[in-house]
Every structure is written in structure tokens, then in C-alpha cells.
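Undergrad: Take this sequence and fold it.
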Amino acid sequence: MPNRFIEKLRGFAPLDDEDEALLAVATAKCRSIAARQDLIREGDRPGPVLVILEGWACRYKILPEGGGRSSRS
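TA: Model prediction:
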């Protein structure tokens with residue numbers, strides 16, 4: 001199964017076999033996230049780097065007045 005992340009990076013710079021192998025290992029542990037789930041919340045301790053291989057993500061901020069503002073990432 002082709003790795004879309006590696007394919008995308010190839011469009012920006014040439015990758016040798018060692019680069020591709022390291023990237024394949026780094027993105028091997030995949031998990032599915034249901035729609036409308038937070039990946040990280042404000043105040044969370046920094047954790048792993050997340051690479052979205054498929055689908056959409058959106059960032060948002062809840063404002064003090066209760067309103068919201070969002071932007072696609």
C-alpha cells in the first residue's frame with residue numbers, strides 16, 4: 001500500500017531509500033479517528049507529532065464570549 005505522506009514529500013525533494021524507510025517507520029502506527037473528535041486541546045502537554053494521511057482536519061478556538069472561530073488546516 002503506497003504511503004501518501006512519502007509520496008507528497010517526494011514532490012518537494014528527492015528522497016533516498018534510507019529516508020523513505022525512516023518515514024515509513026515513523027508513519028507505520030496508524031489509527032482512525034472518528035469525525036468531530038479533538039486531536040489536541042488547548043492546555044494539553046505536547047505529545048507526538050500527528051500526520052494526517054487521509055481526511056480533513058479543522059482548528060478552532062472557543063472565545064471567552066462563547067463564540068467560535070475556525071479555519072481549515
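
Undergrad: Near Thr27, how many other residues are there?
TA: 14 (other CB atoms under 10 Å). (C-beta placed from N, C-alpha, C; glycine too.)

Undergrad: So it sits against Asn3, correct?
TA: Yes. Counting by CB atoms under 8 Å, Thr27 touches Asn3, with 6.2 Å between them.

Undergrad: any residues in contact with both of the two?
TA: Leu53 (CB atoms under 8 Å, 6 or more residues apart in numbering).

Undergrad: Please list all residues in contact with Ala26.
TA: Here Ala26 is in contact with Val51 (CB under 8 Å, 6+ apart).

Undergrad: Report pLDDT for the residue in the chain sticking out farthest from the centre.
TA: For the chain, the residue at maximal distance from the C-alpha centroid (CA atoms, centre = their mean) is Glu65, at 29.3 Å. Looking at Glu65, its pLDDT reads 78.

Undergrad: got it, and Arg69?
TA: We have a pLDDT of 61 for Arg69.

Undergrad: Would you point out the helix or strand in this protein whose mean pLDDT is lowest?
TA: Taking mean pLDDT, DSSP states H and E as the measure, strand 68-72 is the helix or strand of the chain with the lowest mean score, a mean of 59.

Undergrad: Specify the beta-bridge partners of Tyr60.
TA: Ser70 (DSSP bridges).

Undergrad: how many other residues sit next to it?
TA: 10.

Undergrad: roughly how far apart are it and Asn3?
TA: With distances taken as CB to CB, to the nearest Å, Tyr60 is found 29 Å from Asn3.

Undergrad: for Phe12, same thing?
TA: Counting by CB to CB - Phe12 and Asn3 are separated by 15 Å.
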